[in-house]
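J.: Turn this into a model:
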Amino acid sequence: MFDALSALTLARMQFAFTVSFHFIFPSFSIGLASYLMVLEGLWLKTGRDVYLQLFQYWLKIFAIAFGMGVVSGIVMAYQFGSNWAVFSDKAGPVIGPLMAYEVLTAFFLEAGFLGVMLFGLNKVGKQLHFLATCMVATGTAISAFWIIAVNSWMQTPQGYAINGKGQFYTTSWLEVIFNPSMPYRLVHVLLAAYLTTALVVGAAGAWHLLKDRKARATPSEGTRIMFSMAMWMAAIVAPLQLVAGHAHGENTMAYQPAKIAAMEGHYRSFPGGPDGGAPLILFGLPDDAAQTMHYKVEVPRIGSVILKGDIEAPISGLDAFPPENRAPVAITFWSFRIMVGLGMLMLAMGAWSLWARLRGSLHDSPWLHRLALVMGPSGFVAVLAGWTTTEVGRQPFTVFGLLRTADSASPLAAPAVAASLLAFVIVYFAVFGVGTWFILKLMGHEPHPGESGPTRGDVTRTAGITPAPQINPDAVLAE
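T.: Presented below is the predicted three-dimensional model:
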């Protein structure tokens, strides 16, 4: 199966596969940690037990997602040493300390308070437990800060010099960390994480609303609140993400115009002027060999408006860059449209939920609930599509404009890389498939009074709620 592929191609496939799995879980746990913080804060402020029910309901799911994110992240360090040793040698003096800062700040903060968050509500008191939840949520955001700083430096490097061995070293840590694309990328990723979580929570609420409607049962208060909060989040964050994404695109236009050309499918440059503005290509079939876009559907001159705010602005196409420095257009072009298309659907769903809320039918709109259910996984798809756009659009470089991907790989034989890739595929689908199934299993029951978290039932007694039987993971897996 892998005979015709080079070691470099296999190494890229392996990294893409493992980082895609890893990216899914933090994009969920970052938003879910903040959601848990809000739920516990509302419980402490209002004293309403329904917020504790929802907290306990989602805490179990967070624990599993967080664990899978940590496990999948460990593999990334392994690959830097095995498949990308040259990259690690050359860029390590810059990115190594940033990764260490992530461990020293975010990971230690999360690890120090996670146990208290999961098991300490009846042991440390409500206020201290809430502090632990806040620290875990803060830790996830700090983790995103450092990882985005690393990736952004690779996209828009600054604050560095190169020694006689071809190694990068830092001349200004502030310039390395706060490189030109970092603030835009960080806001875009954090909003994506919150929106992804809102869509999952909304899908769970919609599922139970539809089930209760079919059974002619009254939805629980927890289900109604869960769905309402998710729709508020979608309605607020989706427009913000649209603005943040546009700002990020303008930044990319300034620092990585070749990536923008690939994203937009512009094989040729547009000189600007009254009749020379760039079109907005909605769809088409990119042909890298012929350097043309077949069967394109476009809106004339709107591309110049979107990219530069001027209908007569000139736009550089891929013909303005050396052929060896051009990214693959087909993947970049279509992954970008998947991300934007799903974003438009999220925006529409948020607007629909506001309209239903104003009419007083938010919990009695089965078609809205069906849409929310279908949109449940769309956040993950959009996140992966956005990551694909960013990383494939950066090619053929690992450090943009400075270190080529072909010069970053370890001198390994293709069969060795193929063997590890095959092992990762088997193990990942087995382990994370079971984990994902178990999360869906936990989402399958409706939040109810006495909802138990990963703690013992006396936590709910502390809150004045009749405890429900504990979920035994071994028993569930044995069914």
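J.: how distant is the helix or strand encompassing residue 198 from the center of its chain?
T.: In the assignment (DSSP states H and E), residue 198 maps to helix 182-214. Here helix 182-214 is found 11 Å from its chain centre; the criterion is C-alpha atoms, centre = their mean, to the nearest Å.
J.: Going by neighbour count, list what's buried in it.
T.: Going by neighbour count (16 or more other C-beta atoms under 10 Å), the buried part of helix 182-214 is 182, 184-210, 212. The C-beta positions use only the backbone N, C-alpha and C, and glycine is treated the same way.
J.: Could I get the average pLDDT for the longest helix belonging to the chain?
T.: Longest helix in the chain by number of residues (criterion: DSSP state H): helix 7-46. Here helix 7-46 scores 90 as its mean pLDDT.
J.: now for that helix, which elements pack on it?
T.: Packed against helix 7-46 by the contact rule (3 or more C-beta pairs under 8 Å, 6 or more residues apart in numbering; DSSP states H and E) you find helix 49-82, helix 126-155, helix 182-214, helix 378-394, helix 414-443.
J.: hang on, the earlier thing: helices and strands around the helix holding residue 198, which ones?
T.: Helix 182-214 packs on helix 7-46, helix 126-155, helix 221-255, helix 366-374, helix 378-394, going by 3+ C-beta pairs under 8 Å, 6+ apart.
J.: Specify the stretch among the ones you listed that is closest to residue 340.
T.: Proximity to residue 340, assessed across these by C-beta to C-beta, is greatest for helix 221-255 (7.9 Å).
J.: Tally up the residues packed near residue 310, please.
T.: Using other C-beta atoms under 10 Å, residue 310 has 12 neighbouring residues.
J.: quick one, what contacts the residue nearest to it when sequence neighbours are not counted?
T.: Spatially, and ignoring its direct neighbours in sequence, residue 310 is nearest to residue 304 (6.1 Å; C-beta to C-beta, 6 or more residues apart in numbering). By C-beta atoms under 8 Å, 6 or more residues apart in numbering, residue 304 lies in contact with 270, 272, 277-278, 310-315.
J.: I'd like the distance from the nearest residue to residue 25 once chain neighbours are set aside to residue 75, if you could.
T.: Spatial nearest neighbour of residue 25, chain neighbours left out: residue 69 (3.4 Å); criterion: C-beta to C-beta, 6+ apart. Counting by C-beta to C-beta, to the nearest Å, the gap from residue 69 to residue 75 is 11 Å.
J.: Quickly list what's touching both of those two.
T.: In contact with both residue 69 and residue 75: residue 22, using C-beta under 8 Å, 6+ apart.
J.: Local confidence estimate at residue 436?
T.: 86.
J.: Give the closest residue to the residue of the chain most remote from its centre in space, chain neighbours not counted.
T.: For the chain, the residue at maximal distance from the C-alpha centroid (C-alpha atoms, centre = their mean) is residue 274, at 40.1 Å. Closest residue to residue 274 apart from its sequence neighbours, by C-beta to C-beta, 6+ apart: residue 312 at 6.2 Å.
J.: these two touch, right, that neighbour and residue 271?
T.: No. Counting by C-beta atoms under 8 Å, residue 312 stays clear of residue 271, with 9.7 Å between them.
J.: The two: which has the busier surroundings?
T.: Using other C-beta under 10 Å, the more surrounded residue of residue 312 and residue 271 is residue 312, with 16 against 11.
J.: what's the closest of the helices and strands packed on helix 182-214 to residue 326?
T.: Among the helices and strands packed on helix 182-214, helix 378-394 sits nearest to residue 326 (C-beta to C-beta), with 10.3 Å.
J.: Show the secondary-structure elements that the closest one is packed against.
T.: helix 7-46, helix 126-155, helix 182-214, helix 257-264, helix 329-358.
J.: deepest of those, which one?
T.: With neighbours defined by mean count of other C-beta atoms under 10 Å, none of the helices and strands packed on helix 378-394 is more surrounded on average than helix 257-264, at a mean of 25.
J.: Who are the packing partners of that helix?
T.: helix 221-255, helix 302-308, helix 329-358, helix 378-394.
J.: Give me the mean pLDDT for that helix.
T.: 94.
J.: quick one: buried residues of the helix or strand following that helix?
T.: Where DSSP H and E defines the elements, the next helix or strand beyond helix 257-264 is strand 280-287. Going by neighbour count (16+ other C-beta under 10 Å), the buried part of strand 280-287 is 280-281, 284, 286.
J.: just these now: which is nearest residue 235?
T.: residue 280 (26.2 Å).
J.: For the closest residue to the closest one other than its chain neighbours, which residues are in contact?
T.: Sequence neighbours aside, residue 302 is the residue nearest to residue 280 in space, at 4.0 Å (criterion: C-beta to C-beta, 6+ apart). Residue 302 is in contact with 279-280, 311, counting by C-beta under 8 Å, 6+ apart.
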